[in-house]
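[1] Using only what follows, build the 3D model:
(4 chains)
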Number of protein chains: 2
Amino acid sequence: MTPQGWEEIRAEVLRRIHARDWAPGALIPTEEALAQEFGCARATVNRALRELAETGVLERRRKAGTRVALSPPRRATLDIPVTRLEVEGRGQAYGFHLLEQRLREAPAPVTSRLGLAPGLELLQLKTLHLADGRPFLLEDRWLNPAVLPDPAPDFAAISANEWLVGHVPYTTGDIAFSAASASAEEAEVLGLAEGAALFIVERSTWERDLPVTTVRLAYAPGYRLRTVV
Amino acid sequence: MTPQGWEEIRAEVLRRIHARDWAPGALIPTEEALAQEFGCARATVNRALRELAETGVLERRRKAGTRVALSPPRRATLDIPVTRLEVEGRGQAYGFHLLEQRLREAPAPVTSRLGLAPGLELLQLKTLHLADGRPFLLEDRWLNPAVLPDPAPDFAAISANEWLVGHVPYTTGDIAFSAASASAEEAEVLGLAEGAALFIVERSTWERDLPVTTVRLAYAPGYRLRTVV
DNA sequence: GGATTTAATATGTCTGCACATAATAAACCC
DNA sequence: GGGTTTATTATGTGCAGACATATTAAATCC
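    The predicted structure follows:
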């Protein structure tokens, strides 16, 4: 039974790779040869192989052909939800408190991360997110006032996190994950012992070339970020 | 100047979304209309819009048409390299020590994670990875002996991590990231104070339906996992 | 022999067309 | 009116053919 449709072709190619019919590092037949074998157009094979190359299973080069990747770069995609949805997705009640909000001169690490002139005034927001009334996440955000509308939103009523998703949606940025010990301030706010291990997410985002925000999220112990490969 | 090629079309569509020509939630013109506007075939527009839908910027449904996503792409892809390449990529010298290797009855959390019968014997490997001679990562791995060849590889000469990538490459699995305080044992091996905040990666992998391995990676402080959105 | 030009080739992309499919809107019936 | 059937329509996928492009291998020159 020959595969029909590009998805079945993709599955068949993957099967042959798993079965070691095509060993890691080996060249596989050309698109034309596979198209003939499967009785379809080259474009259909191209679609299947292209998708596999995108996930890192195959490596393709013009003229050189297609080969099975030697060390498949384990590539994972992870979804980063809005905090409210993340909490509610666990079946817990969401809430938050705005701890602090002030416009002040941003420290050098913040401005350099965003590529802004040092000494610029940014809006700093500290927000504690709650799950079932218990501390879940401490958000320390620096926001570029240039992205705010004239009557600035009330961040005590809508969290900065959520406001940004709704109003400055199509951003690019970078993310870093790490671990850190809770400072005295973090420990107190999160209700932990000083030095407790926190999961840290740091994000900086731009809208086109305009710096929007940089944020440090400190998750209370027990938090796990999951994904499937 | 009309865009040429599907990549330029993708860029132009993205530009219009950023510029709010097409607002979040709004319908955009049909493929046919855009093809006419850009002077290309519908397939070319289709390719561009499909890519944008894959990254979560657009939402497409047959008959209903294509609309700008309301709550967009909090989606990141991250590459998970082999530890050796990760260390070398920072310009540091890589090394590792096999601390412990023994075949023993796996504890229940391990077997249940892999979907194996409780009490099964698995190979436990504890490996310390070094960067410039200093502790970088503590690997605690449980390996299904069924995936090993008859003369088992010498995991003191090649790290389990690297052997698996080369010999059981095309696996599926799940990954979780979290933070934890160093246990007494971890602190000693990594040369840290007890309770130091460690970045934890837990992975379980299968080859087709065969459980291969589950591993806990404890990174020394200072490690950051980065990605770009 | 070594460097440079030229030819060969697999993938990348595009076109124009066709039909399939899913989801909606319209028509219909009771 | 309410529920069911029947068009309608935008996207999804397919085809054959064409040309572009990157890269390798062969041919050429000094």
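[2] residues contacting the closest residue to residue A:114 other than its chain neighbours?
    The shortest distance from residue A:114 to any non-neighbouring residue, by C-beta to C-beta, 6 or more residues apart in numbering or on different chains, is to residue A:211 (3.8 Å). C-beta coordinates here come from the backbone N, C-alpha and C atoms, glycine included. Neighbour list for residue A:211: A:114, A:115, A:116, A:144, A:204 [criterion: C-beta atoms under 8 Å, 6 or more residues apart in numbering or on different chains].
[3] So residue A:211 lies in a strand, does it not?
    Yes. Applying DSSP: H, G, I helix; E, B strand; the rest coil, one finds residue A:211 inside a strand.
[4] measure it to DNA strand C for me?
    31 Å (C-beta to the nearest atom of the strand, to the nearest Å).
[5] now do residue A:201
    For residue A:201, the distance to DNA strand C - C-beta to the nearest atom of the strand - is 33 Å.
[6] between the host helix or strand of that residue and strand B:197-207, how many degrees?
    Element membership of residue A:201, judged by DSSP states H and E, is strand A:197-207. In terms of direction (axes from the mean of the first three to the mean of the last three C-alpha atoms, to 10 degrees), strand A:197-207 departs from strand B:197-207 by 80 degrees.
[7] what's the domain layout of chain A?
    A:5-68, A:83-219 (automatic domain parsing).
[8] Show me the one of these that comes nearest residue B:18.
    Residue B:18 sits nearest to domain A:83-219 of all the domains of chain A, at 5.5 Å, using C-beta to C-beta.
[9] how long is that closest one end to end?
    Taking C-alpha to C-alpha, to the nearest Å, the first and last residues of domain A:83-219 lie 11 Å apart.
[10] So for that domain, mean pLDDT?
    Average pLDDT, domain A:83-219: 93.
[11] and the gap between residue A:167 and residue B:71?
    Going from residue A:167 to residue B:71 by C-beta to C-beta, to the nearest Å gives 12 Å.
[12] Look up how far chain B lies from residue A:208.
    Using C-beta to the nearest C-beta, to the nearest Å, we find residue A:208 at a distance of 6 Å from chain B.
[13] which SS state does residue A:78 fall under?
    Residue A:78 ends up strand, using three-state DSSP.
[14] and what of residue A:215?
    strand.
[15] before we move on, what about residue A:174?
    State at residue A:174, reduced to three classes by three-state DSSP: strand.
[16] List the residues that contact it.
    Residue A:174 is in contact with A:203, A:204, B:226, B:227, B:228, B:229, counting by C-beta under 8 Å, 6+ apart.
[17] What of residue A:75?
    Taking C-beta under 8 Å, 6+ apart, one finds A:55, A:56, A:229, B:77, B:78, B:79, B:80 in contact with residue A:75.
[18] For chain A, which residues are neighbours of DNA strand C?
    Where chain A comes near DNA strand C, counting by C-beta under 7 Å from any atom of the strand, the residues are A:30-32, A:42-43, A:46, A:49-50, A:53, A:60-66.
[19] Looking at the residues you listed, which are in helices?
    In this view, those that belong to helices under DSSP state H are A:31, A:32, A:42, A:43, A:46, A:49, A:50, A:53.
[20] ok, residue A:96 touching residue A:127?
    Yes. Counting by C-beta atoms under 8 Å, residue A:96 does reach residue A:127; the two are 5.6 Å apart.
[21] shared neighbours of these two, which are they?
    By C-beta under 8 Å, 6+ apart, residue A:96 and residue A:127 have these common neighbours: residue A:159.
[22] Burial check on the residue nearest to residue A:173 when sequence neighbours are not counted, number of neighbours?
    Distances taken as C-beta to C-beta, 6+ apart place residue A:205 nearest to residue A:173, at 3.5 Å, with adjacent residues excluded. Residue A:205: 21 surrounding residues under other C-beta atoms under 10 Å in any protein chain shown.
[23] now do residue A:44
    Residues near residue A:44, counting by other C-beta under 10 Å, number 20.
[24] hmm, back to that, tell me which entries of the contacts of residue A:211 lie within strands.
    Counting by DSSP state E, the contacts of residue A:211 place residue A:204 in strands.
[25] Provide the partner residues of residue A:207 in its beta bridges.
    Under the criterion DSSP bridges, residue A:207 forms beta bridges with residue A:210.
[26] Apologies, that question was intended for residue A:101.
    residue A:125.
[27] Is it correct that it is in contact with residue A:124?
    Yes. At 7.3 Å, residue A:101 counts as touching residue A:124 under the criterion of C-beta under 8 Å.
[28] So what's the residue count around the residue nearest to residue A:29 when sequence neighbours are not counted?
    Among residues not flanking residue A:29 along the chain, residue A:37 sits closest, at 7.4 Å (C-beta to C-beta, 6+ apart). Neighbourhood size, residue A:37 [other C-beta under 10 Å]: 14.
[29] try residue A:224
    12.
[30] now swap in the one 4 residues further on and tell me
    Burial of residue A:228, expressed as a neighbour count using other C-beta under 10 Å, amounts to 10.
[31] likewise residue A:114?
    Per other C-beta under 10 Å, the neighbour tally for residue A:114 reads 21.
[32] what's near enough to touch it?
    In this structure, residue A:114 makes contact with A:142, A:144, A:204, A:206, A:211, A:214, judged by C-beta under 8 Å, 6+ apart.
[33] Out of those, which is nearest to DNA strand D?
    Among the contacts of residue A:114, residue A:206 lies closest to DNA strand D (C-beta to the nearest atom of the strand), at 28.3 Å.
[34] hang on, that closest one packs against residue A:212?
    Yes. Assessed by C-beta under 8 Å, residue A:206 is found in contact with residue A:212 at 5.9 Å.
[35] Give me the more crowded residue out of the two.
    Counted by other C-beta under 10 Å, residue A:206 and residue A:212 do not tie: residue A:212 has more neighbours, with 21 against 18.
[36] wouldn't the more buried one be in contact with residue A:148 here?
    No. Assessed by C-beta under 8 Å, residue A:212 is found out of contact with residue A:148, at 10.2 Å.
[37] What about the closest residue to residue A:117 other than its chain neighbours, how many residues nearby?
    Nearest residue to residue A:117, sequence neighbours excluded (C-beta to C-beta, 6+ apart): residue A:111, at 6.6 Å. Neighbourhood size, residue A:111 [other C-beta under 10 Å]: 19.
[38] swap in residue A:14?
    Residue A:14 has 16 neighbours, counted by other C-beta under 10 Å.
[39] Contact partners for it?
    Residue A:14 touches A:52, A:57, B:170, counting by C-beta under 8 Å, 6+ apart.
[40] For residue A:212, give its distance to residue A:85.
    On the measure of C-beta to C-beta, residue A:212 and residue A:85 end up 20 Å apart.
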